[in-house]
Structures are given as structure tokens and as C-alpha cells.
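S.K.: below is the structure, and that's it, no one-letter string:
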């Protein structure tokens, strides 16, 4: 027996609104029937959101039961790759023969040089041309929003082919096909709000806080900005809001980007002046540590001034190795290849020092020694299973720890100011993320880290190559150890 139910979310929505206790029990019985291994039965259900999202409006007790039922279902998430959605959009584009030149080329280069796209500086230029007059970041954010709030291809084709408010078809019918304006982030915003308002305003939307922040900022523009700046100010707010929701943390959404995007895509020539108005009215502010504009939460606390004061109250970072060792990010590495070949599990453990380690402690098999020294370190040959990572950018690491300590100090002194606490938490988060980039994610691509083994400088390009070297180190240092062969 095979039961296939499309649009199962409709059933769940009904269950939530109509006697949820009884309906949840029915879904539970249904799941138990198909989970019975004695029955040759299979059920396939399709949902647009995860199962938990449909139960957000239930009481806490009802939601607990809802989650229990979820445990009887196996979720298989499916998201169409963004690249594929963009390809579909480019092939379906009714605008033909547009060239990536002049302003459209400037806009493409602006998006690329500021790393705003998920593709960063490897954006497909041919694809960008075929998407015109939809600018690349607008296309990418539209695809992401339809993936998140809509139904992938179906929603995309509706956007492209149906003449409704702010759709691409509507845009096509209201533009000169040979010399169109840019379909930009302002229009993307209007389309999402017009056609997905129920979803973006629901409690189950993980982006609800961000959407509420945009709405609040738009309301403030309407009431606190001069009449001449309201229309353009709203467009800039919408642009900043979508970029903050849908772009990666490394995107550089600074004044240069917003000003030039407004000029090239929104046709706003005085964007810099409008940005100043929005800043002066405390509607937006630029966060250097985020490399982007954010919407201002009201607080009487001058956070930058308080951070400057805090720098006088806390100690400078003197021992980088000690601070790094306090991070809960470094776990022993089991070299699986060596384990499978020898039958003996051996672990590389992290050690953080300001000078090199010469001996492996008795309780360890092998060592990854992170060395943080402001002085030039000479790595001599050590006949031990030790690989050294020598960091040459200790000042940057010190600076980030110092920023974290300052933010924690100000947060401690202003516990009752929730808006200030929120921003300070964000500063701590971003500084911590940057530390993780330096110490973990970018450890092989950074020029400020040198690797040594057996007295020789070695070049490591990625995590896979690193694991191969760890495997080699174990075989060289434990070559005489017995090999255990297991039939299991």
C-alpha cells in the first residue's frame, strides 16, 4: 500500500484550526500505521514548510504533542539550488537582446566587488546578462525568497509569467522592452509583501523580527523625514532590509554600495544625502563590525562612547594562547584512515602556546600546536608527532578579544537596557565569528599562518590535505605499533 498526499500542509492547517487534539491524534495513528514494520505500507507527504512550522499557533501543551507526532515522521528537506532557479529565470526572461554594458555593467561590477552575492566575485557574467533587466542581486534575493516563502519553481514561474502587481510580467508590460529600467530590490520587496504577506507576518516565519524592523523603519520614514525624501528614503530602507535578511555575513553593504546601487538601480542621484537624513533621524546606522547598515533600536546609551570608556577599565590582552584555549571550538581529531588501517584509534589534540612544544604528553597520541608569538619563531626538527601552526597575526586576534571584552563590560554595566544589550550581543557575535574565521575556517587559506612538520615548512590548501598529512604523521611515528584486524 502506498499513500501519496500532496499539499499535506493544508491538512495540518485544518488540524490546527479545528479541534487540534483530535486531529493530532489522527495524524499520530496514521504515522503509527505506516511505521509498523509488519505492514507493507509506505506514505509520502509533501509540505511547503517543516512540520513544526504549522503548529506555531498551538498552546504549549498542544505543541509538545505536535512535536511528538513529528518524531514519527521522517522529514526529507528539498530545496532547489539557487543557481537552478536563476537559470530557469534567465531562460524564461521575455526581455531579449539586452547587453551587460554601461550602467548594467557598473551595477554588475558593484555587486561583485562588494561580495554581495553568495557567489561573491565568481558571479556568472553570462547568466547576469541573460537575467537583465533583473539585476543579479535582485534575482538572487527573489529566488531565495520564493524558496523560503513560496514553492520553488511554481512560485518562480508565477512571478515570471503572470501579470500581477510587481511581477516580472507586469514589469515587462509596463516597460520599453528595448530600453527598460532595472527590476530592483525595491520591486522585489513590494512583490514579496504583496503576495506573501501572510507568510512573512506569521509567527512561524524565522525572519519575522527582521520584517518587523523594516516595517518600523518605513513607518519612521513616513513620519520623521521631510516630504521630498520620503519616496526615495523608503526605497533605500527596503533595499537595506532585504540585503540584511538574504545576504551572507561577509557581504560589504557599506555607504559606497548603497549609494551606487541607489543611483544605478533605483535612479536616486542624491542617495548619500538621503542616507545622512536617515542616520540623523536615527532610523539607520552603519555598523563597522558588520560592514552594513542596520535599523536603529532606540536606546539613550551612546554605545561607542561607552565602549571607549570600557577600554580604560579592562586589561589589554597579553596572552593570546591562553585566551584561545578558552574557546569551546577545538575538539580532538580522530584520523579515521589510520584507525581503519591499524585498528587503533589515535587522536590529535590541540595545544595553544606562545612557544613551540617539543614533546607529546604521555596522555596524548599526537599534537596540533597553535603557536602565537609576536617574535619570529624558528621551528627546528622535532622527532615527535607534532604539527605546528604558527600565527603571524596575533595583533588582530588580540584586537578581537579586546572588542569582545569591552562589549561584555558595557553589557554588564547596562543590564536593563534591552536595546543596548541586543546590539552588544551582536557585536560579541560578529567578533567571535571573525575569530572563528581566523582560527578555524580560514586556517589554510590565510597567509598569516605557516605550517611546519619535522622542521620543514609545508603548504596546506584545504581540510582534506590537512587530514592526509595527519595520517602520514601517525604512520611515520607509530610504524612499529601492532595492527589489529577486526572482522566487525
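M.R.: Nice, thanks for sending it over. Just so it is clear, the model here is predicted, and its values are computed rather than measured.
S.K.: which of the residues in the lowest-mean-pLDDT helix or strand in the chain are buried?
M.R.: Sorted by mean pLDDT, DSSP states H and E, the helices and strands of the chain end with helix 60-70, the least confident at a mean of 79. Neighbour counts over helix 60-70 (16 or more other Cβ atoms under 10 Å) mark 63, 65-66, 69-70 as buried. C-betas here are computed from N, CA, C, even on glycine.
S.K.: helices of the stretch 201-350 of the chain, start to end?
M.R.: In the stretch 201-350 of the chain, the helices defined using DSSP state H, counting those that start in this stretch lie at 208-224, 227-246, 255-264, 271-280, 303-310, 320-325, 336-342.
S.K.: same check, this time on the stretch 351-488 of the chain
M.R.: Under DSSP H, counting those that start in this stretch, the stretch 351-488 of the chain gives helices at 394-413, 418-436, 463-477.
S.K.: circling back: what's the least confident helix or strand of the chain in contact with?
M.R.: The contact list for helix 60-70, computed with Cβ atoms under 8 Å, 6 or more residues apart in numbering, reads 20-21, 24, 27-28, 31, 51-52, 55-56, 58.
S.K.: go through those and name the one nearest residue 420.
M.R.: Of all the contacts of helix 60-70, residue 56 has the smallest distance to residue 420: 29.3 Å, by Cβ to Cβ.
S.K.: contacts only, for the residue nearest the centre of the chain.
M.R.: For the chain, residue 248 is the residue whose C-alpha lies nearest the centre (Cα atoms, centre = their mean; 4.7 Å). Shown in contact with residue 248 (Cβ under 8 Å, 6+ apart): residue 118.
S.K.: okay, and for the stretch 151-300 of the chain, where does confidence drop off?
M.R.: In the predicted model of the stretch 151-300 of the chain, residues 152, 203, 298-300 satisfy pLDDT under 70.
S.K.: on that earlier part again, next secondary structure element downstream of the least confident helix or strand of the chain?
M.R.: Next helix or strand after helix 60-70 toward the C-terminus (DSSP states H and E): helix 82-92.
S.K.: re earlier: the helices of the stretch 201-350 of the chain: which one's closest to residue 405?
M.R.: From the helices of the stretch 201-350 of the chain, taking Cβ to Cβ, the stretch that ends up closest is helix 303-310, at 7.9 Å.
S.K.: which elements pack onto that closest one?
M.R.: Using 3 or more Cβ pairs under 8 Å, 6 or more residues apart in numbering; DSSP states H and E, the elements in contact with helix 303-310 are helix 394-413, helix 418-436.
S.K.: check which residues of it are buried.
M.R.: Neighbour counts over helix 303-310 (16+ other Cβ under 10 Å) mark 303, 306-307, 310 as buried.
S.K.: one step back: mind putting the helices of the stretch 201-350 of the chain in a markdown table, distance to residue 160 included?
M.R.: Converted to a markdown table, the helices of the stretch 201-350 of the chain look like this (distance: least, Cβ to Cβ, whole Å):
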| stretch | distance to residue 160 |
| --- | --- |
| helix 208-224 | 24 |
| helix 227-246 | 19 |
| helix 255-264 | 23 |
| helix 271-280 | 29 |
| helix 303-310 | 44 |
| helix 320-325 | 50 |
| helix 336-342 | 47 |
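S.K.: count of neighbours near residue 422?
M.R.: By other Cβ atoms under 10 Å, 12 other residues sit near residue 422.
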